[in-house]
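Novice: Provide a 3D model corresponding to the input given below.
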Amino acid sequence: MLNCLPKIGIRPAIDGRRGGIRESLEDKTMSMAKAAARLIKENLRHAGGEEIEVILADSTIGGVAESAACAEKFERAGVAITLTVSPCWCYGTETMDMNPNTIKAVWGFNGTERPGAVYLAAVLAAHNQKGLPAFAIYGKDVQNLNDDSVPEDVQQKILLFCKAAVAAATVRGKSYLSIGSVAMGIAGSIPNHEFFQDYLGMRNEQVDTAEILRRVEKEIYDKEEYEAAMKWVRENCREGFDKNPAQKAYSREKKDEQWAFAVKMAMIFRDLMHGNPKLDEMGWKEEACGHEAICGGFQGQRQWTDFLPNGDFPEAILNTSFDWNGVREAIPFATENDTLNGATMLLGHLLTDRAQLFADVRTYWSPEAVERVTGKKLTGLAANGMIHMINSGAASLDANGKMKDANGSPAMKPFWKITREDVRNCLGGVDWCPADVDYFRGGGFSSRFIGGSEGGMPMTMARINLIKGIGPVLQLAEGYSCSVDPEIHKILDQRTDPTWPTTWFAPKLTGKGVFKDVYSVMANWNANHAALSYGHIGDLLITLCSILRIPVCMHNVERERIFRPTYWSCLGTDDLEGADYRACSALGSLYGI
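Specialist: Numbers count the residues shown, from 1 in each chain. The predicted structure follows:
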């Protein structure tokens with residue numbers, strides 16, 4: 001893939017009046033800009049591990065000429081996000097970022113010597129009047145003018161804005177690759193070009209599944225890498241139990257053939273998405289290019305899986321932060337080509353720098369039902385009930401909880417923090433079970449593990465849905481993976497397919513609305529799939545959705561963590577959900593014409 005990463009531009013705005021006023025503020029204004037740049041560079045990275053490039057204006061901006069010079073510099077440099085900083089009054093419309101294509105925030109210094117708060121209010125009024133929404137960053141405590149520190153609450157808002165803005169800017173110009181067509185009538189697997197283009201700035205690419213067979217038959221893949229991959233699989237992918245009766249189970253020879261096919265599929269999926277210069281060396285110049293896809297999905301069921309190995313292994317390994325080549329950035333990839341869940345996984349990945357878990361939102365288990373079926377009570381995080389997250393396909397191996405954070409708790413990590421021990425532990429916590437041949441007639445292998453099984457991992461489940469008359473909306477629920485009594489897990493797991501990966505999820509309850517109980521969360525989930533991210537990232541998702549103009553229809557994020565442009569508060573400050581819908585409707589999609 002091309003490595004065109006978005007940059008952040010810092011705009012130091014100043015009172016343009018010469019003869020003592022501007023001159024007295026030059027150092028303070030530039031120190032704010034440099035402090036913001038340091039904060040961003042020291043705390044944030046792109047999801048691929050690269051440092052985020054921060055570019056400063058050549059001078060402070062006291063009027064329209066300097067504003068125009070800054071805009072020209074940023075345009076040439078590829079700046080997609082701007083943060084305007086100021087300790088004082090400035091001329092609002094003369095110093096503001098007028099580029100409709102940049103994502104904007106303004107940090108106004110909270111001090112009494114100079115009216116930075118007045119400038120912040122004035123310039124945000126101009127942004128809202130012109131339909132160029134911007135985020136307001138303003139510390140709650142007054143600082144002295146000579147205090148160059150960045151207060152903690154200001155740091156949090158700058159980092160929240162920048163991470164969400166970088167995610168929004170990263171997807172622009174990239175592709176979603178559909179391999180195959182619609183799986184089993186699932187609406188989310190119908191690629192909606194208007195959504196991807198108008199809201200994400202992406203294009204849709206599609207190849208028929210016949211392309212996989214062509215590349216296998218004509219050996220359009222790196223054969224050296226294939227041999228290394230097969231060696232790695234034999235050494236690291238432990239085969240689990242075969243649930244099929246002897247008369248239906250595949251022979252050892254057939255299973256070995258399916259492993260070989262699955263590894264080739266994984267390589268071909270990746271090459272279709274990202275390209276591969278090795279194919280160019282082999283003479284396959286067109287195939288070497290790829291589709292510039294930042295995420296994708298595979299139809300699989302049923303036309304493929306009725307006679308060929310399923311995509312569970314290649315889907316899972318793409319979504320994992322390592323493979324036979326070592327640790328690397330996870331590749332968001334949707335089973336059943338659920339494009340909307342794939343898009344949700346992509347956004348979660350860019351916000352957390354971590355792999356994402358694809359799962360069915362399968363079953364709500366109440367405490368009463370669990371006790372009736374198992375004779376045991378749910379305890380701990382699961383005491384109020386839990387949702388069974390399970391799917392045969394694209395479950396990232398990172399999610400099994402075998403990686404540990406600094407405190408020894410189960411975690412999912414950015415790939416650049418994953419150690420060899422993490423990889424060994426993660427692989428040791430996974431069995432690869434032969435597929436149920438009544439369900440997957442062509443065979444294949446599914447990962448089997450319990451997500452976050454050794455203690456609760458903080459997680460956020462999310463999903464984008466398309467609603468007639470509205471467009472895309474996002475729903476989310478922060479919560480935890482649950483450790484349950486092994487006997488409870490065994491009994492409940494046997495009621496579905498025990499060869500698939502399971503995560504028991506308990507949302508945080510607020511006692512209100514759809515978060516009054518776990519049943520209501522399940523009852524109001526608007527699709528059969530969800531993407532789960534490590535950590536409580538609901539605030540990041542809400543901020544990102546405001547940038548993309550996607551309303552959030554359901555969440556359990558505390559009010560004080562919600563951060564949107566001030567345009568939203570102009571449409572209501574009590575009913576924030578209603579204001580969100582009104583703002584997104586009034587502004588329209590970010591890239592819509």
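
Novice: where exactly do the strands run in the stretch 251-400 of the chain?
Specialist: For the stretch 251-400 of the chain, the strands defined by DSSP state E, counting those that start in this stretch cover 293-298, 322-323, 326-327, 333-335, 357-365, 386-390.

Novice: got JSON lines for those, with mean pLDDT too?
Specialist: Shown next, in JSON lines, are these (pLDDT from 0 to 100):
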{"stretch": "strand 293-298", "mean pLDDT": "97"}
{"stretch": "strand 322-323", "mean pLDDT": "98"}
{"stretch": "strand 326-327", "mean pLDDT": "98"}
{"stretch": "strand 333-335", "mean pLDDT": "96"}
{"stretch": "strand 357-365", "mean pLDDT": "96"}
{"stretch": "strand 386-390", "mean pLDDT": "96"}
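
Novice: And these: which comes nearest residue 491?
Specialist: For residue 491, the closest of the strands of the stretch 251-400 of the chain is strand 357-365, at 10.8 Å, according to Cβ to Cβ. In this view, the C-beta of every residue, glycine as well, is placed from N, C-alpha and C.

Novice: what comes into contact with that closest one?
Specialist: For strand 357-365, contacts defined as Cβ atoms under 8 Å, 6 or more residues apart in numbering pick out 315, 319, 334-335, 338, 341, 345, 378, 385-391, 393-396, 398-399, 451, 459, 461, 492, 496, 503, 518-519, 522-523, 525, 527-533.

Novice: what does stretch 302-313 give?
Specialist: Residues contacting stretch 302-313 (Cβ under 8 Å, 6+ apart): 180, 183-184, 209, 258-259, 261-263, 265-266, 269, 298, 300-301, 335, 392-394, 432, 435, 440-447.

Novice: Same check on stretch 315-327?
Specialist: 225, 228-229, 231-233, 266, 269-270, 298, 328-335, 345, 354-358, 393-398, 413, 415-416, 418, 423, 426, 447.

Novice: ok, now stretch 62-81?
Specialist: Applying Cβ under 8 Å, 6+ apart, the contact partners of stretch 62-81 are 4, 6-9, 11, 13-17, 22, 55, 57-61, 82, 90-91, 94-99, 101-104, 162, 165-166, 169, 172.

Novice: For the buried ones among those, write the corresponding PyMOL selection.
Specialist: Listed next is the PyMOL selection for buried residues among the contacts of stretch 62-81, using 16 or more other Cβ atoms under 10 Å:
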select buried, resi 6+7+8+9+11+13+14+15+16+22+55+57+60+61+82+90+91+94+95+96+97+98+99+102+103+104+162+165+166+169
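
Novice: Restricted to helices, list the contacts of stretch 62-81.
Specialist: The helices, defined by DSSP state H, take in 22, 94, 95, 162, 165, 166, 169 from the contacts of stretch 62-81.

Novice: Now the closest residue to the fourth one other than its chain neighbours: which helix or strand?
Specialist: Pointing back at residue 162 there. Distances taken as Cβ to Cβ, 6 or more residues apart in numbering place residue 40 nearest to residue 162, at 5.5 Å, with adjacent residues excluded. Assigned by DSSP states H and E, residue 40 belongs to helix 21-43.

Novice: for the record, mean pLDDT for that helix?
Specialist: Per-residue pLDDT over helix 21-43 has a mean of 96.

Novice: How about stretch 478-493?
Specialist: Stretch 478-493 shows a mean pLDDT of 95.

Novice: For the stretch 51-200 of the chain, which segments are assigned as helices?
Specialist: Secondary structure of the stretch 51-200 of the chain (DSSP state H, counting those that start in this stretch): helices at 64-77, 92-95, 116-129, 152-171, 193-200.

Novice: Can you point out the buried residues in the third one?
Specialist: Neighbour counts over helix 116-129 (16+ other Cβ under 10 Å) mark 116, 117, 119, 120, 121, 122, 123, 124, 126, 127, 128 as buried.

Novice: Just the residues contacting that helix, thanks.
Specialist: Here helix 116-129 makes contact (Cβ under 8 Å, 6+ apart) with 13, 84, 86-90, 92-93, 95-96, 104, 106-110, 133-134, 136, 138, 565-567, 570.

Novice: among those residues, which ones are buried?
Specialist: Buried among the contacts of helix 116-129 (16+ other Cβ under 10 Å): 13, 84, 86-90, 92, 95-96, 104, 106-110, 133-134, 136, 138, 565-567, 570.

Novice: right, and the helices of the stretch 51-200 of the chain - which one's nearest residue 586?
Specialist: In terms of Cβ to Cβ, the element of these nearest to residue 586 is helix 116-129, at 10.7 Å.

Novice: roughly how far out does that closest one sit from the chain middle?
Specialist: Between the centre of helix 116-129 and the centre of its chain there are 32 Å (Cα atoms, centre = their mean, to the nearest Å).

Novice: Let me see the mean pLDDT of that helix.
Specialist: Mean predicted confidence for helix 116-129 is 94.

Novice: Using CSV, write down the CA coordinates of that helix.
Specialist: Taking Å, rounded to 0.1, in the frame of the first residue of the first chain, the C-alpha atoms of helix 116-129 are listed here in CSV:
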residue,chain,number,x,y,z
GLY,A,116,-7.7,33.8,25.1
ALA,A,117,-11.1,32.6,26.1
VAL,A,118,-12.7,35.5,24.3
TYR,A,119,-10.8,34.7,21.1
LEU,A,120,-11.8,31.0,21.4
ALA,A,121,-15.5,31.9,21.7
ALA,A,122,-15.3,34.4,18.9
VAL,A,123,-13.5,32.2,16.4
LEU,A,124,-15.8,29.2,17.2
ALA,A,125,-18.8,31.4,16.6
ALA,A,126,-17.3,32.1,13.1
HIS,A,127,-16.6,28.4,12.5
ASN,A,128,-20.2,27.6,13.4
GLN,A,129,-21.7,30.4,11.3
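
Novice: Let me know the helix or strand that residue 408 is in.
Specialist: Using DSSP H and E, residue 408 sits in no helix or strand.

Novice: Now do it, the pLDDT please.
Specialist: According to the prediction, residue 408 has pLDDT 89.

Novice: Equivalent analysis for residue 190, please.
Specialist: Listed pLDDT for residue 190 reads 94.

Novice: Report the spatially nearest residue to it, omitting neighbours in sequence.
Specialist: Counting by Cβ to Cβ, 6+ apart, the residue nearest residue 190 is residue 182, at 5.4 Å.

Novice: pretty sure the one you found is touching residue 299, no?
Specialist: Yes - assessed by Cβ atoms under 8 Å, residue 182 is found in contact with residue 299 at 7.0 Å.

Novice: Mutual contacts of these two, please.
Specialist: Counting by Cβ under 8 Å, 6+ apart, the contacts common to residue 182 and residue 299 are 189, 337.

Novice: Comparing these two, which shows the higher neighbour count?
Specialist: residue 299 (25 against 17; other Cβ atoms under 10 Å).

Novice: who touches that one in this structure?
Specialist: Shown in contact with residue 299 (Cβ under 8 Å, 6+ apart): 178, 179, 180, 181, 182, 183, 189, 209, 336, 337.

Novice: let's see 10 Å
Specialist: When the contact criterion is Cβ atoms under 10 Å, 6 or more residues apart in numbering, the partners of residue 299 are 178-184, 186, 189, 208-209, 305, 311, 334-338.
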